[in-house]
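Chemist: below are the sequence and a predicted model for it; my questions follow.
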2 protein chains.
Amino acid sequence: MGNIDVPAAWEARAEIPRKIRDDSLLKVQPPLRGMPAVPPQNSQTLPNLVLTPRELELTQGYSANELLAKLKTKELSSEELTRAFLRRAAVAQLATNCLTELMWDDAIRRARYLDSLPEPIGPLHGLPISVKEHQGTKGENQQANGSYVAYVGKHQGSTLILDILWDAGCVYFARTTQPQTLMHLETDSNIYGRTVNPYNRNLTSGGSSGGESALIGLRGSVLGLGGDIGGSIRVPAAHCGIYGFKPSAQRLPIAGGTDHMVGRESILATNGPMATDRDSLELFMNIVIASEPWRLEPAIRFQPWVPYHFSRPLKVAVQWWDGVVKPHPPMIRALSEVSEACRSAGMHVVDWNCEDLDHRKGWEILSALYFPDGAKEVLGLLEKAGEPVLPLTKWITTAQPTVKDLDLHEMWRLCTERDAFRTKYARHWTNTMNEDGHEVDVILCPPYFGAASPHEMSRYWGYSSIWNLLDYPAAVFPVTNVDPSIDKVVDYQPINHEDRFVHDLYDPDTYAGAPISLQIVGRRHRDEKVLAALKAIEHAMGRK
Amino acid sequence: MGNIDVPAAWEARAEIPRKIRDDSLLKVQPPLRGMPAVPPQNSQTLPNLVLTPRELELTQGYSANELLAKLKTKELSSEELTRAFLRRAAVAQLATNCLTELMWDDAIRRARYLDSLPEPIGPLHGLPISVKEHQGTKGENQQANGSYVAYVGKHQGSTLILDILWDAGCVYFARTTQPQTLMHLETDSNIYGRTVNPYNRNLTSGGSSGGESALIGLRGSVLGLGGDIGGSIRVPAAHCGIYGFKPSAQRLPIAGGTDHMVGRESILATNGPMATDRDSLELFMNIVIASEPWRLEPAIRFQPWVPYHFSRPLKVAVQWWDGVVKPHPPMIRALSEVSEACRSAGMHVVDWNCEDLDHRKGWEILSALYFPDGAKEVLGLLEKAGEPVLPLTKWITTAQPTVKDLDLHEMWRLCTERDAFRTKYARHWTNTMNEDGHEVDVILCPPYFGAASPHEMSRYWGYSSIWNLLDYPAAVFPVTNVDPSIDKVVDYQPINHEDRFVHDLYDPDTYAGAPISLQIVGRRHRDEKVLAALKAIEHAMGRK
């Protein structure tokens, strides 16, 4: 492929991975029949038109744990299951444009191999898993571009986390889209184009793990691997009505994927699971950490996974808003419904007042930390290939007044500000025990200001990114869907520019039927506690 | 005090904290009598000339745990104990120049207060503790200069770690010296002058926590607080025949002391205990971590202290040398004696061959990480005050070819090199299980190339600093003393410049009687295991 000397060549270069993707979809057997010429606004029922009853049963009838139980007893073969998910993923691609590659041959070969073994090789034996493209791959096509045209053709094999899941017996079958720079809360790139929401084409599937969310949101996969440095697991999961978990940084292996600004450590991305059900989050964490990843990737903390059990009713703090931007009415309704369910179940529900905690200041620090070189490296990668800078790339880089080219001393001052912010927040949390001797267990809050936004409108990250700045673990879970008959526009005077922008975005009909999810946040390194709280809160909601 | 405009004023400014120190020593009651006009070469028996039999008993007859037991039952009052250590610390100051302040009034007031209470307030109730000056203070004199003339008069109150020990009931009674920039493996500054070894005035007490080591090495304190980013706890402890422990970074609180380059996170310093006995290390760790410091200082990992117990004989890897510099004969003898004792006790003793691990490369990375601004900030602080740059400051900054003023992208590349080095090392360690299914538990190695060096000669850090680069926990413990009758010069051809320098430093008579200590190193975050191994190895040596 060689270097690109003439910027105009970017389109030809971007065509290469698209062709790999398109060719991979041609392998689907039997070919998809029954797809409408124009995809419907809401894709949720599309698989019913195309897939067999058995495929529908296998892809939407069971959780990952249920499938694993059937695989273990050989009641179900990995090959049959993998073929069903391959075909459903192809439907999801046609509906939402969520794939960068369907790993037809590799996946079936792997599934057959696993089926040939007398015993399961590990706890994920035979389960198909999807992976965000920039993570790399175990298959024959050892490339990953991270949606950078400059990286097209870049060799990128496996990484430790892919190896661990592989050794646990999974089948990699689908690679998924991510946005330019990996730094949008939507998913659009010059290589793969735009990924849309499986509930509504006019809305985003979220980002940056928005290929995963669209795919899993249409049950084209039950378990996938995403990454998060500002909301990139949680926001797409929330937008597509699935479960997602951003653990504390350096709990899961992350080294080796295709990324920019490698070596920057002032703000850390983390990998994490995205899934159709709650238990898959814990399954994923448990399996990866049981492999003792710190023995091979020393940045990972020595911290075995120890499931948490509450010994008394939870103390839940509800963050109704972040002091900067008012959430949309359906989000407020979701908070009301869930907090009421918690209260009814005997939990101690209090308010999380964060006006004094200054989330706006948090964003100023974080956005500066994202690009402390003034975004030179990232924009340079785009320029090198000659690819256009997309609007949301501009928004998160040059349009942020905080993004500046810092020298080391300025960087150290910024890190000191970050640490002071973290300390203030930690002490605030600790002080919640003053009133009754019990500290708040988790914060219940919006993952985003509302349902998935219309395309290009995801321009407020505060509800997810604050927890990256603080390095607090956070899970999202689906709660309800926008119902125009109840989620009406409320009379509210925005208090600032961002608040006005977000307020003006709301109109019930735009979001009708879109999933509304909530977020559960714990203290740093208390990942297990967050998942235990998610379980307790879903039980309080009457879920199993 | 104000700003210094005329460089020549530095001497007047440096006089101020010296006067505070000297005035504080005048408070000693009864005044010290019997001190020789000229301190002896070896100060070990000096206290016998000056202190009462009861003072000698209290300061050298018991471990911290034994003293705490007596304090708890009120068999011993904190005031009596504190007065004994205050007087012995004053002797240590006259012998080694290890103090920046004797906290006579504060300590006695605190001790009396603790004695007045019906019950102990915590697990350190009544125990006098010494602290390296730059850590700050709980007393009335709320200043710390970190041995920078520019920082003379700088307000510096308490820090979290000081508060934790205070809340556990300790008595702060002595503040100790550190070198210019805190970055020598000796202790010399323009403010306080040179601290010398309590076994031999011609040798260094080590650094940067060399005031602590001289004080504790003369039993002017049983437990002190030091800090380590390249050997600053372990090397002085080793040189003075005491115990020291450098935990993994971010296990103990560290924020808030007087230091330079705040916000730099590419290489992290840690606090740690220095003590007259082994059990005090675990006591210290246990108490600080039981306070859950992560709840107030969020950079600290959530990792409760869980004492480790070996379920089978240890697998100990002996690092006979680091591939760069050959240790002096008494150090090799110590390794032989202790590894033989381990073998006799049934442990599996193997060699730690680190030629392939390239410790020289490790030093190149680490020395660059110490001063990634080309030492501009540190040298600027010296220049601002007009104080002379000491030889060992020059050696660790401008004389290191790796010390350069980096931009952010160069810094990220350096961090990537660091991470690759750490990964290679971690995988090497993991692979030690290939031969017999058991990974090496700990490495037994020199903490330094030999006994304490003559002044200004501490110009090879590799044996201690490699574990800072890797962030591996490491403890040092006394093993033997240099014996010219057996530790003779050996015939050896140095293989490089540093090796030649170190080789030429050896001459048995220079070091006669000086302590020789060894170091036990564990994997990252396995702090408890290192202390368990220290106990097992001392048991193997026939110690209690």
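Modeler: All right, it came through fine. Not measured: the values here are computed from a predicted model.
Chemist: give me the spatial nearest neighbour of the residue of the stretch 301-450 of chain A found nearest chain B, chain neighbours excluded.
Modeler: Using CB to the nearest CB, A:Trp412 is the residue of the stretch 301-450 of chain A that sits closest to chain B, at 3.1 Å. Where you see a C-beta, it was placed from the backbone N, CA and C, and this is true even at glycine. Counting by CB to CB, 6 or more residues apart in numbering or on different chains, A:Trp412 lies nearest to B:Gly263, which is 3.1 Å off, once chain neighbours are set aside.
Chemist: which parts of the stretch 151-300 of chain A sit against chain B?
Modeler: Proximity of the stretch 151-300 of chain A to chain B is confined to A:255, A:261-266, A:294-299 under the rule CB under 8 Å from any CB of the partner chain.
Chemist: quick one: which of these is nearest to chain B?
Modeler: A:Gly263 (3.1 Å).
Chemist: hang on, the closest one packs against B:Leu406?
Modeler: No - A:Gly263 is beyond contact range of B:Leu406, at 11.2 Å (criterion: CB atoms under 8 Å).
Chemist: where do the contact lists of these two overlap?
Modeler: B:Leu414 (CB atoms under 8 Å, 6 or more residues apart in numbering or on different chains).
Chemist: so who does the residue nearest to A:Trp412 touch?
Modeler: B:Gly263 makes contact with A:Met411, A:Trp412, A:Arg413, A:Leu414, A:Cys415, A:Thr416, A:Asp419 under the criterion CB under 8 Å, 6+ apart.
Chemist: what number of residues lie near the last one?
Modeler: Applying the criterion other CB atoms under 10 Å in any protein chain shown, we find 18 residues in the vicinity of A:Asp419.
Chemist: likewise for the fifth one?
Modeler: Neighbours of A:Cys415 under the rule other CB under 10 Å: 20.
Chemist: isn't it right next to A:Glu265, touching?
Modeler: No - counting by CB under 8 Å, A:Cys415 does not reach A:Glu265; the two are 9.5 Å apart.
Chemist: spit out the residues that contact these two alike.
Modeler: Jointly contacting A:Cys415 and A:Glu265 under the rule CB under 8 Å, 6+ apart are B:Glu265.
Chemist: and A:Leu531, that's in a helix?
Modeler: Yes - according to DSSP: H, G, I helix; E, B strand; the rest coil, A:Leu531 belongs to a helix.
Chemist: and the spatially closest residue to it that is not a sequence neighbour, which helix or strand is it part of?
Modeler: Among residues not flanking A:Leu531 along the chain, A:Glu282 sits closest, at 5.1 Å (CB to CB, 6+ apart). Under the criterion of DSSP states H and E, A:Glu282 resides in helix A:278-290.
Chemist: now A:Ser458
Modeler: Using DSSP H and E, A:Ser458 is not contained in any helix or strand.
Chemist: isn't it right next to A:Ser208, touching?
Modeler: No - the criterion here is CB under 8 Å, and A:Ser458 misses it with A:Ser208 at 10.6 Å.
Chemist: of those two, who's got more company?
Modeler: Neighbours were counted for A:Ser458 and for A:Ser208 using other CB under 10 Å; A:Ser208 has more, 34 against 28.
Chemist: quick check: the more buried one vs B:Gly380, distance?
Modeler: Separation of A:Ser208 from B:Gly380 (CB to CB, to the nearest Å): 41 Å.
Chemist: and for A:Tyr62, the neighbour number?
Modeler: Quick note: A:Tyr62 (other CB under 10 Å) scores 18 neighbours.
Chemist: excluding chain neighbours, what is closest to A:Pro524?
Modeler: Residue A:524: Arg, not Pro. In space, and not counting its chain neighbours, A:Arg524 is closest to A:Asp471: 5.1 Å by CB to CB, 6+ apart.
Chemist: surely that neighbour touches A:Ala249?
Modeler: Yes - assessed by CB under 8 Å, A:Asp471 is found in contact with A:Ala249 at 5.3 Å.
Chemist: got any residues that touch both of the two?
Modeler: Taking CB under 8 Å, 6+ apart as the criterion, A:Asp471 and A:Ala249 both touch A:Leu268.
Chemist: of the two, who's got more company?
Modeler: Shown here are A:Asp471 and A:Ala249; by other CB under 10 Å, A:Ala249 has more neighbours (23 against 20).
Chemist: interface residues of the stretch 401-544 of chain A facing chain B?
Modeler: Within reach of chain B by CB under 8 Å from any CB, the stretch 401-544 of chain A has these residues: A:405-409, A:411-416, A:419, A:422-423, A:425-427, A:429-430, A:470-471, A:523-526.
Chemist: just these: which are in helices?
Modeler: If you go by DSSP state H, these have A:408-409, A:411-416, A:419, A:422-423, A:425-427, A:429-430, A:470 in helices.
Chemist: and the closest residue to A:Ser208 other than its chain neighbours, how many neighbours?
Modeler: The shortest distance from A:Ser208 to any residue other than its chain neighbours is 4.0 Å, reached at A:Ser232 (CB to CB, 6+ apart). Around A:Ser232 there are 35 other residues, counting by other CB under 10 Å.
Chemist: tell me who's in contact with A:Ser232.
Modeler: Each residue near A:Ser232 by CB under 8 Å, 6+ apart is listed here: A:Leu182, A:Leu185, A:Gly207, A:Ser208, A:Ser209, A:Gly226, A:Ala269.
Chemist: please apply the same query to A:Lys326.
Modeler: A:Phe449, A:Tyr492, A:Pro494, A:Asp499, A:Val502, A:His503.
Chemist: tell me the pLDDT at the residue nearest to A:Arg524?
Modeler: The score at A:Asp471 is 98. That number is its pLDDT.
Chemist: go on, A:Ile4?
Modeler: pLDDT at A:Ile4 comes out at 49.
Chemist: re the thing from before, which of the ones in helices among the residues of the stretch 401-544 of chain A next to chain B count as buried?
Modeler: For those, a burial check counting by 16 or more other CB atoms under 10 Å in any protein chain shown picks out A:408, A:411-412, A:414-415, A:419, A:422-423, A:425-426, A:429-430, A:470.
Chemist: just those residues now: which is nearest A:Ile242?
Modeler: A:Leu470 (23.9 Å; CB to CB).
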